[in-house]
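# Build me a structure from this.
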Amino acid sequence: MKLPLKNLKGSFGIQPAFVNNPLLGAIILAGLFLYEVEVGLGCILGGVTATLTDLALSLHPLPDLNAGVASFNGVLVGTVIPILFPVFNHHPRYTEMWLAIFVGAITSAFLARAFGNFLSKFDVPYMALPFNLIAVCVFLTLQPLVFAPESDSGSDMQSEANITLEWDKVGRGIVVSMGQVYAVKELEPSIVINLAVLLSSPLLFLMSTLGATLSTLTSLVFL
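Presented below is the predicted three-dimensional model:
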């Protein structure tokens, strides 16, 4: 199903959750700053860079630009990379990471237009594909200087065998699933993002929560 892009209204910080309201997009952005200032700054850097790139080169029609479609992947680049960078690199964030966000956001505008021109003809979903390609390239390029020592697999298996199910954490995982759209894994910012989605569309919130609940409970079956 195609989105009625000509009817969407939004800003650069909202489209990853399909919340088409600038005020509620600002609430989501506040949730990202609540999680970590660097993540909020990365969101702004990626979203603004992608938007300005698209605006300067007229890559997308103006309605798509106003709807946040042009900056969709730039926002994801700007939020996910600062969160995952310390995990993959075991190293504090540094200048090269911010440069990667800047360049990645510019690249995302070109890739989004290219995939839109080609894949949309076959009704193939492509919205987050530019971000995924850019993220892989970034983390392959910015390799860690020092690798963390490998853990003992035997002790890992023993610790996994001793895991007990805590239903309060299962519930937490369902709530945090909305924040995971931006790779945010903390409860408080995820609640803020959920609130913005609820205010935007109760039906969207209900279906998102239902999907998160079903997927979480399904995963428990396989555990």
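# helices or strands next to the lengthiest helix in the chain in the packing?
Ranked by residue count and defined by DSSP state H, the top helix of the chain is helix 95-119. Counting contacts by 3 or more C-beta pairs under 8 Å, 6 or more residues apart in numbering; DSSP states H and E, helix 95-119 packs against helix 37-57, helix 72-89, helix 129-141. Using the backbone N, CA and C atoms, a C-beta is placed for each residue, glycine as well.
# closest one to residue 180 among these?
When these are compared for distance to residue 180 using C-beta to C-beta, the nearest one is helix 72-89, at 9.9 Å.
# how far does the closest one sit from the chain's center?
Taking C-alpha atoms, centre = their mean, to the nearest Å, one finds the center of helix 72-89 at 8 Å from the center of the full chain.
# Could you do stretch 199-209 as well?
The gap between where stretch 199-209 is centred and where its chain is centred comes out at 18 Å by C-alpha atoms, centre = their mean.
# Tell me the buried residues in that stretch?
When burial is assessed from 16 or more other C-beta atoms under 10 Å, stretch 199-209 yields the following buried residues: 200-201, 205, 208-209.
# Pick out the residue nearest the middle of the chain.
With distances taken as C-alpha atoms, centre = their mean, residue 182 lies nearest the centre of the chain, 3.0 Å away.
# I'd guessed that residue sits against residue 76; true?
Yes: with contact defined as C-beta atoms under 8 Å, residue 182 reaches residue 76; the gap is 7.4 Å.
# What average pLDDT does stretch 35-47 get?
Looking at stretch 35-47 alone, the average pLDDT works out to 93.
# Run through who's touching that stretch.
Around stretch 35-47, the neighbours that count as contacts under C-beta atoms under 8 Å, 6 or more residues apart in numbering are 12-13, 29-30, 32-33, 71, 74-79, 81-83, 93, 98, 101-102, 104-105, 108, 179, 182, 184, 186, 188-189.
# pLDDT below threshold where in this protein?
1-18, 89-92, 143-163 (pLDDT under 70).
# rerun at 50
Per-residue confidence for the chain (pLDDT under 50) gives these ranges: 1-15, 147-148.
# Alpha carbons of stretch 43-57, as PDB, please.
These are the backbone C-alpha positions of stretch 43-57, laid out as PDB (Å, rounded to 0.1, in the frame of the first residue of the first chain):
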ATOM      1  CA  CYS A  43      19.100  13.400  14.800                       C
ATOM      2  CA  ILE A  44      19.100  17.100  14.100                       C
ATOM      3  CA  LEU A  45      22.400  16.800  12.100                       C
ATOM      4  CA  GLY A  46      21.200  13.900  10.000                       C
ATOM      5  CA  GLY A  47      17.700  15.300   9.400                       C
ATOM      6  CA  VAL A  48      18.800  18.900   8.600                       C
ATOM      7  CA  THR A  49      21.600  17.800   6.400                       C
ATOM      8  CA  ALA A  50      19.400  15.400   4.400                       C
ATOM      9  CA  THR A  51      16.700  18.000   4.100                       C
ATOM     10  CA  LEU A  52      19.100  20.800   2.900                       C
ATOM     11  CA  THR A  53      20.700  18.400   0.400                       C
ATOM     12  CA  ASP A  54      17.400  17.500  -1.000                       C
ATOM     13  CA  LEU A  55      16.200  21.100  -1.100                       C
ATOM     14  CA  ALA A  56      19.300  22.300  -2.800                       C
ATOM     15  CA  LEU A  57      19.200  19.700  -5.500                       C
END
